[in-house]
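In: have a look; sequence and predicted model below, questions after that.
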Amino acid sequence: RHVKNTHTFPTRIRNGLLEQLVPKDHLLRLIDRHIAFDFIRERTQALYCADNGRPAFDPVLLFKMLFIGYLFGIRSERQIVREIEVNVAYRWFLGLRLTDKIPDASTLSQNRRRRFAGTDIEQTIFDTIVEQAIGHGLIGGRVFYSDSTHLKASANKNGYDIHQVAQKPVHYLEELNSAIDADRLAHGKKPLSRQDDDEEPPTKDVKISPVDPDAGYMVRDGKPTGFFYLDHRTVDGVHSLITDTHVTPANVHDSGPYLDRIDRMRTRFGFEIGAVGLDAGYFTPHICKGLVERNIYGVIGYRRPNHKEGFFYKREYEYDAKADVYRCPNAQLLAYSTTNRLGYREYKSDAKQCSDCPSRAQCTASKNHVKVVTRHVWQHFKEQLNANRLSVSGKEIYKHRKETVERSFADAKQLHGHRYARFRGLAKVKAQALLAAACQNMKKMASLLEKALRLSLSSYLTQAKHLWRSWKVLGLRLKNKWRSSFIFKMPTRDSIIAQ
């Protein structure tokens, strides 16, 4: 279906009544002035027929309607249509006259389900808005902050089925196994025998909602329990503009997709990432290793480890890298024993020495009187990032995390309806997160660019004023000089005699 030529209206409309009714500083005016939307029509052109069928609504119009919903926290598409009917600013933004018919809510839903389903149009919109921000110089591209927040799924937490699903190995298992085998060989031990590929992987019981199977059942300390999605978001450190958003079920760990998202930002936008600030949930060996290998200065928050009352802390056991041993608080050595399948080296004490040790009650409760201390094969990467956290520059980077990514999530939840998933299904919730993030960026970009425009105009007027004053003074001086050259001088007696 070919597209209605609705985008030719605005020039004529805005010279009339609507132009007078919409305040000059309205948010939609600023967005319309500084954000370009024509790319939507170009990117969706292949989804429309140019010479057959009834004329369709302009895709820019349809997406602008959705933008209004995200910008002003209107969660229902039916409510969006009702608000547009009575709000002249919304009509002005859409290029509609007061008497023009507004597309029905079903038009939005059917286009989403039929025309735009399976496309990457939402990702394209988000990426293009980020590119516009880069073009305006609003993104630094050096320091980034990442975190995740939960969106409540449209599913009852008490209505679920128990399914047995195969446990998926971590995506970096091959890399970890290679590191384990190399470590064992370095210590004179044989590589571990792997499970046969024909052997069925272990299974686990998982709660699955019958109405939204993609949602994950979340059980976390300090978080609500139930079916949720996670929005993993990365923001730039200059103006907190969102540079990446990615949705997963809530039972996926924050650190899982992180490195892949960092790589996407570097590839898609060409960012030369210098530093990142993350909370303690990302402090895993794989994340630390990935950041160091990418030459990124990682600063990750600290989480106090679990500690059994009455026993020594793990930090009281000193590691000697040269001798590859641990030294206990009583100066006894814990020698290397093995490297297990999880990637941890095991250092064990001598039972003969520990049996008569006066501090044994504070060290171990094992029956064989052997203390075991573990150390990951990638522990040195964690130690490097921990040193970053304690440095002056690391503290400076980390203190801005709450002002950037946490503030971005707070605004999303409070102002843009990001507490709840509006749809069911991972693909639809991902589209929601992308459009919500794009609208947050539009709002901040329009505000920043308008402020810069006003400062520039004010500076220009000030310079023009000073220039006018300079010209005025110069003009007066030239005028006085010109007048003085024509003043009549009375001849003196000597001058007459001389003549």
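Out: Nice, thanks for sending it over.
In: all strands for this protein, in order.
Out: Applying DSSP state E to the chain gives strands spanning 143-152, 161-166, 203-208, 216-218, 226-236, 242-249, 275-278, 297-300, 318-320, 325-327, 333-339, 344-348, 372-376.
In: same list (the ones you listed) but as JSON lines, adding mean neighbour count, distance to residue 22 and mean pLDDT.
Out: In this view, the C-beta of every residue, glycine as well, is placed from N, C-alpha and C. Listed next are the strands of the chain as JSON lines, based on neighbours: other C-beta atoms under 10 Å; distance: least, C-beta to C-beta, whole Å; pLDDT from 0 to 100:
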{"stretch": "strand 143-152", "mean neighbour count": "22", "distance to residue 22": "33", "mean pLDDT": "95"}
{"stretch": "strand 161-166", "mean neighbour count": "10", "distance to residue 22": "51", "mean pLDDT": "85"}
{"stretch": "strand 203-208", "mean neighbour count": "13", "distance to residue 22": "48", "mean pLDDT": "88"}
{"stretch": "strand 216-218", "mean neighbour count": "21", "distance to residue 22": "43", "mean pLDDT": "93"}
{"stretch": "strand 226-236", "mean neighbour count": "25", "distance to residue 22": "30", "mean pLDDT": "96"}
{"stretch": "strand 242-249", "mean neighbour count": "23", "distance to residue 22": "27", "mean pLDDT": "96"}
{"stretch": "strand 275-278", "mean neighbour count": "24", "distance to residue 22": "40", "mean pLDDT": "96"}
{"stretch": "strand 297-300", "mean neighbour count": "24", "distance to residue 22": "45", "mean pLDDT": "96"}
{"stretch": "strand 318-320", "mean neighbour count": "12", "distance to residue 22": "67", "mean pLDDT": "93"}
{"stretch": "strand 325-327", "mean neighbour count": "18", "distance to residue 22": "70", "mean pLDDT": "93"}
{"stretch": "strand 333-339", "mean neighbour count": "17", "distance to residue 22": "68", "mean pLDDT": "92"}
{"stretch": "strand 344-348", "mean neighbour count": "19", "distance to residue 22": "64", "mean pLDDT": "93"}
{"stretch": "strand 372-376", "mean neighbour count": "18", "distance to residue 22": "60", "mean pLDDT": "93"}
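In: closest to residue 44 out of those?
Out: strand 242-249 (20.9 Å; C-beta to C-beta).
In: report the angle between that closest one and strand 143-152.
Out: 40 degrees (axes from the mean of the first three to the mean of the last three C-alpha atoms, to 10 degrees).
In: which elements pack onto strand 242-249?
Out: Packed against strand 242-249, as judged by 3 or more C-beta pairs under 8 Å, 6 or more residues apart in numbering; DSSP states H and E, are the following elements: helix 121-135, strand 226-236, helix 258-269, helix 426-484.
In: got CSV for these, with distance to residue 208 too?
Out: CSV is the format used below for those (distance: least, C-beta to C-beta, whole Å):
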stretch, distance to residue 208
helix 121-135, 26
strand 226-236, 9
helix 258-269, 25
helix 426-484, 13
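In: give me whichever of the ones you listed is most buried.
Out: Comparing the helices and strands packed on strand 242-249 by mean neighbour count (mean count of other C-beta atoms under 10 Å), strand 226-236 ranks first with a mean of 25.
In: got a list of what the residue nearest to residue 430 when sequence neighbours are not counted touches?
Out: Nearest residue to residue 430 in three dimensions, chain neighbours excluded: residue 247, at 4.3 Å (C-beta to C-beta, 6 or more residues apart in numbering). The contact partners of residue 247, by C-beta atoms under 8 Å, 6 or more residues apart in numbering, come to 229, 230, 231, 232, 426, 429, 430, 433.
In: I figured the second one hits residue 148, correct?
Out: Read that as residue 230. Yes. Here residue 230 reaches residue 148: they are 4.7 Å apart, a contact under C-beta atoms under 8 Å.
In: on the strand side of things, show who the spatially most central residue of the chain bridges to.
Out: Geometric centre of the chain, nearest residue: residue 234, 2.0 Å, by C-alpha atoms, centre = their mean. Following DSSP bridges, residue 234 is listed with bridge partners residue 146, residue 244.
In: in contact with the nearest residue to residue 142 once chain neighbours are set aside, which residues?
Out: In this structure, residue 142 finds its nearest non-sequential neighbour in residue 274, 4.4 Å apart by C-beta to C-beta, 6+ apart. Listed by C-beta under 8 Å, 6+ apart, the contact partners of residue 274 are 142, 143, 296, 297.
In: hang on, the earlier thing: overlap in contacts of residue 230 and residue 148?
Out: residue 254.
In: lowest average pLDDT across the helices and strands packed on strand 242-249?
Out: Among the helices and strands packed on strand 242-249, helix 426-484 has the lowest mean pLDDT, at a mean of 79.
In: what's across from residue 373 in the sheet?
Out: Beta bridges link residue 373 to residue 347 when assigned by DSSP bridges.
In: sorry, wrong one. I was asking about residue 319.
Out: Using DSSP bridges, the bridge partners assigned to residue 319 are residue 326.
In: wait, isn't residue 211 in contact with residue 161?
Out: No. At 10.8 Å, residue 211 does not count as touching residue 161 under the criterion of C-beta under 8 Å.
In: shared neighbours of the two, anything?
Out: Common contact partners of residue 211 and residue 161 (C-beta under 8 Å, 6+ apart): none.
In: where's residue 370 relative to residue 352, distance?
Out: Distance of residue 370 to residue 352, computed by C-beta to C-beta, to the nearest Å: 10 Å.
In: surely residue 192 and residue 182 touch.
Out: No. Using C-beta under 8 Å, residue 192 is not in contact with residue 182; the gap is 11.7 Å.
In: quick one: the residue nearest to residue 430 and residue 155, what's the gap?
Out: The gap separating residue 247 from residue 155 is 15 Å, by C-beta to C-beta.
In: what do you get for residue 457?
Out: According to C-beta to C-beta, residue 457 stands 52 Å off from residue 155.
In: how about residue 451?
Out: Distance of residue 451 to residue 155, given as C-beta to C-beta: 42 Å.
In: before we move on, what about residue 112?
Out: Look at residue 112 and residue 155: by C-beta to C-beta, they are 20 Å apart.
In: cool, and residue 131?
Out: 36 Å.
In: what do you get for residue 25?
Out: 41 Å.
In: over to residue 33?
Out: Applying C-beta to C-beta to residue 33 and residue 155 gives a distance of 41 Å.
In: repeat that for residue 373.
Out: Distance from residue 373 to residue 155, by C-beta to C-beta: 44 Å.
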